[in-house]
Each structure stands twice: as C-alpha cells, then as structure tokens.
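Student: Everything below, folded, please.
(2 chains)
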There are 2 protein chains.
Amino acid sequence: MSKKSVIITAGGMGKRMKSNVPKQFLLIGGIPILMKTISMFYEYNPKIEIIVALPEDQIENWSKLITKYNFTIAHKVVKGGKERFHSVKNSLSICTGDLIAVHDAVRPLITVELIDRCFEALKVNNVVVPVVEPKDSIRMKQGVKNKSVRRNNFYLVQTPQCFKKSTLEKAYHQEYKKHYTDDASVVENNGTEVFLIEGIYQNIKITNPLDLQFANFLILENNK
Amino acid sequence: MSKKSVIITAGGMGKRMKSNVPKQFLLIGGIPILMKTISMFYEYNPKIEIIVALPEDQIENWSKLITKYNFTIAHKVVKGGKERFHSVKNSLSICTGDLIAVHDAVRPLITVELIDRCFEALKVNNVVVPVVEPKDSIRMKQGVKNKSVRRNNFYLVQTPQCFKKSTLEKAYHQEYKKHYTDDASVVENNGTEVFLIEGIYQNIKITNPLDLQFANFLILENNK
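Tutor: Numbers count the residues shown, from 1 in each chain, chains lettered A, B, ... in the order given. Now for the predicted structure:
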C-alpha cells in the first residue's frame, strides 16, 4: 500500500481578519484552527504523515500552543517560505509519502469523506483537485473595465489538492512564478493535467470574521 | 428626488436545497426568506416601490403566507417568466421608479448599508453592481479539460444590481440570450458599462442547506 502524507500550509496573517493573531491560531470549537485541521487528517488515517509549514516567527508560538492545549497528534514542522510555493517546496524536502495531499491550514471544515475521495481518485490520476460550482455570477477585469463571463465555465477550487509524489516533486523543481495561486497551478504549469472531483461547500477557507463565526457555529452544531 | 424601485426575483425551486418548498418560502428567523428580503428594502426606505416576480403557481401560496404571517409591507406581485430575464421584463412593465434595483429573493442577508451605497453610486453611474473578491482559486473549463486562471482577475457578483430606468428598459428590449446570468450581463450586452462597488461577504445567495443554516444563525446572532 502506498504511503500517504499531508502538507498543511499555514502562511497568512489574515489582514481581512482584523486580528493580530495569525489566522491559523484563531480558535474554533475552543482550539486553534490548525489543530482542528490536523485532527481531521489524523481522523482520516492515524498513520498519515503530517507536515506543517509555519512562518519561522510562529514556530515557537506553535510549540507553546501544543503544550497549552495538550495536543498530542504527531506531526513535523517546517519553516514556511515567502510564498505558499516555497512552503510546499520546503515541506517536500522532508516528505516521505508516495501520495501527497496539500491542504490549507485554514480549511478546518474538511471532512474525512472528502479526504478519502481525493486519495481514492489519486489511485488513477496524477493530480486530484476538489472544486465546487460558483453560486454567484462572475465578472472578469479588463483593464479598468470589467465584463461578465459564463459562470458555468468556472469552478471554485478547494483543498486538499492531491498528487503522486513524483509529479509534485518534478513540478516544484520549477522556478517560482507569481501567478501560482495553488499547487495545482504549479503542476499544471509543468504540463500535467488536473483531474477535478466534487468538493463540498462547507470546506470554506477561513478568511474573514464571518467565516470564523460560521465555522464555530458548524462545529458546535456537529457536536450537539 | 428620484423615485426608487426594487424588483425582487423569486424564481428557483432549489434542486440543491433538497426540499419541495420553493427556496424563497423556506424559513429564516421564523419567516419566509422572501419576507425577510422585502423587509430589508422597506427598512432602507419605506417609500421604495417593491415589485416581486413569482412563478405563477406560487402566487396563491404567497397570498396564504402573507395572511399566515400577517405580513403588512406593501408590494406588487407579477408573474415570473421562464427565466430571470423574463421575470425582470414583466416587472419592468409595471415599474414606476427612475432608479431601479434588481435583487435576488434568496439574498435576505442584504444590509441597509449596502442598498444605500448602491443607490448612492447610481447617482453618477448608469449601472452599479456589488462584487466581492473570490477567496478560492479559480479554474476554467476547456472542453473536457480545465486550466487555472488568475484569481485576481475575477469578481463574484452579488445583488442588488442597480440601474437608471432608461438603461434597464432599453436593455430589456433585447431578445433573451442563454448566457444572461444576471441583469448586468443583459445591460452590458447592450453596450453599457458596469460600475462595480464592494459587496459584503454576508450577502450570500441561499442555494443549499448549509447556506440556510448559516443565514438562520446570523439572523439569530443579530437579534441577540
């Protein structure tokens, strides 16, 4: 059986969150978001290798949180880079799995079911990415103007984005480019096709205070 | 002072909602969504003309709901058409305002503040549309394949979309086209530029059970 790893990228300070606490350390359901996210992958498979990329100046703080919350799930911590690209690259250097998921730390509402579907689809694909259909119409910038585009032609992209190790490693030998917004775009830039599967709406990226409020609500509901 | 109208379009049956009740009649905060939406425009300005486009087979049901919930905000009801385009066109035929907002019935979390900003911007623009930046990466279909596109080039579109009456009327003299996903796209197809303003994340379109749960939660929070 193939060995599985997950790289969890925890980068942002969250300007939109209006908080001095890094987004991934804000609390949901009484624990830091990052702990909740890690625990979902552990719940999926206690044997999965878990690698967390954290900004250097947050690593000490994370250690303190681990003690404070008595967090016992084993994981490795690597220094994050300037951009997500560099964080994933650093993580890859210590990653031992054959099948690798890359997941946003601030998507703690991920489910075991979706993680499972991603890894299942990875058996017959090199790259698997969960997406949902946008509910809103979409407009595209055109210089200072903008124009409507056909919503049906677009998807909103989630994580975990899953890769065969060789595919991901090869892709991350490329130079960093500004337009990489996620790992699938890095791999794609290297000529690899991306296989899409259906994501779930609850798997939101916690970006603003409203998201945090909603995540808290959902976790409380699920624990009822 | 210009007379203001709002056309509220209530079309969908909500396949994604897994309910036999039309989406706009599902309850939030104890009342049908449509009543909550109407009440937000009334709260913005009690003198605004309110026109609701409803599928023909829901009009009697709506009357019953009005009695049941003792709903007293004055509004006109018109028959909705096959598509949103036709519903707006029917509504326009009885609309008397000079400045017209078109709003989705299933966006009840709209705020007075955002309605106000839309109408204010309409003083110096022909078309005003609120948008938010996507938090997720975006992929575009390309036949059976797909490719990543630069998220920074895209906006997610909300309502109310606001128009000077003459602009909207002229646009709705056009023939219906399949790619019209909102009113701005109809007007734009007629050569008019669309001015964008910042929307708000809470102004979600209630499309699936999770959205409904979230809207309920927010309304309860705000009433605390």
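Student: count of neighbours near residue A:223?
Tutor: Neighbour count for residue A:223, taken as other CB atoms under 10 Å in any protein chain shown: 7. Glycine gets a C-beta too; all of them are placed from N, C-alpha and C.
Student: quick one: contacts for it?
Tutor: Each residue near residue A:223 by CB atoms under 8 Å, 6 or more residues apart in numbering or on different chains is listed here: residue A:29.
Student: how much space between it and residue A:36?
Tutor: For residue A:223, the distance to residue A:36 equals 12 Å [CB to CB, to the nearest Å].
Student: what touches both of those two?
Tutor: Common contacts of residue A:223 and residue A:36 (CB under 8 Å, 6+ apart): residue A:29.
Student: Return the set of buried residues in the helix ranked longest in chain A.
Tutor: Across chain A, the longest stretch assigned as helix under DSSP state H is helix A:209-223. Going by neighbour count (16 or more other CB atoms under 10 Å in any protein chain shown), the buried part of helix A:209-223 is A:210-219.
Student: now, which of these lie close to chain B?
Tutor: A:210-211, A:213-214, A:217-218 (CB under 8 Å from any CB of the partner chain).
Student: Which pair in those residues has the greatest spatial separation?
Tutor: Greatest spacing in those, by CB to CB: A:210 and A:218 (12.6 Å).
Student: Is the residue nearest to residue A:97 when sequence neighbours are not counted in a helix, a strand, or coil?
Tutor: Of all residues not flanking residue A:97 in the chain, residue A:5 sits nearest, at 2.9 Å (CB to CB, 6 or more residues apart in numbering or on different chains). The three-state label given to residue A:5 by DSSP: H, G, I helix; E, B strand; the rest coil is strand.
Student: what about chain A, any weak spots by pLDDT?
Tutor: In the predicted model, chain A carries pLDDT under 70 at residues A:12-16, A:224.
Student: how about the strands in it?
Tutor: A:4-9, A:27-28, A:31-32, A:49-54, A:76-79, A:99-104, A:127-132, A:137-142, A:145-149, A:154-157, A:161-164, A:195-198 (DSSP state E).
Student: so residue A:102 makes contact with residue A:161?
Tutor: Yes: assessed by CB atoms under 8 Å, residue A:102 is found in contact with residue A:161 at 5.2 Å.
Student: Give me the common contacts of those two.
Tutor: Joint contacts of residue A:102 and residue A:161 (CB under 8 Å, 6+ apart) are residue A:183.
Student: check contacts around the closest residue to residue A:7 other than its chain neighbours.
Tutor: Distance criterion CB to CB, 6+ apart; nearest residue to residue A:7, sequence neighbours excluded, is residue A:91 at 4.2 Å. The contact partners of residue A:91, taken as CB under 8 Å, 6+ apart, are A:7, A:9, A:51, A:53, A:78.
Student: Going by distance to residue A:138, which of the residues you listed wins?
Tutor: Distance to residue A:138 across the contacts of residue A:91 (CB to CB) is lowest for residue A:9, with 25.8 Å.
Student: need the contact list for that closest one.
Tutor: Residue A:9 neighbours (CB under 8 Å, 6+ apart): A:53, A:80, A:84, A:87-88, A:91, A:102-105.
Student: again with residue A:200
Tutor: The contact partners of residue A:200, by CB under 8 Å, 6+ apart, come to A:111, A:114, A:130, A:132, A:158.
Student: From those residues, pick the one nearest chain B.
Tutor: residue A:158 (6.5 Å; CB to the nearest CB).
Student: Please give the number of neighbouring residues around residue A:1.
Tutor: 6.
Student: Same check on residue A:147?
Tutor: 13.
Student: before we move on, what about residue A:184?
Tutor: 29.
Student: And residue A:112, by the same measure?
Tutor: By other CB under 10 Å, neighbour count at residue A:112 equals 13.
Student: how close does it get to residue A:5?
Tutor: Taking CB to CB, one finds residue A:112 at 17 Å from residue A:5.
Student: Please report how far the residue nearest to residue A:29 when sequence neighbours are not counted lies from residue B:29.
Tutor: The shortest distance from residue A:29 to any non-neighbouring residue, by CB to CB, 6+ apart, is to residue A:219 (3.8 Å). Distance of residue A:219 to residue B:29, given as CB to CB: 22 Å.
Student: try residue A:59
Tutor: 44 Å.
Student: Look up the closest residue to residue A:206, ignoring the ones flanking it.
Tutor: Spatial nearest neighbour of residue A:206, chain neighbours left out: residue A:106 (4.3 Å); criterion: CB to CB, 6+ apart.
Student: give the contact list for that neighbour.
Tutor: Residue A:106 touches A:10, A:12, A:23-24, A:33, A:37, A:205-207, counting by CB under 8 Å, 6+ apart.
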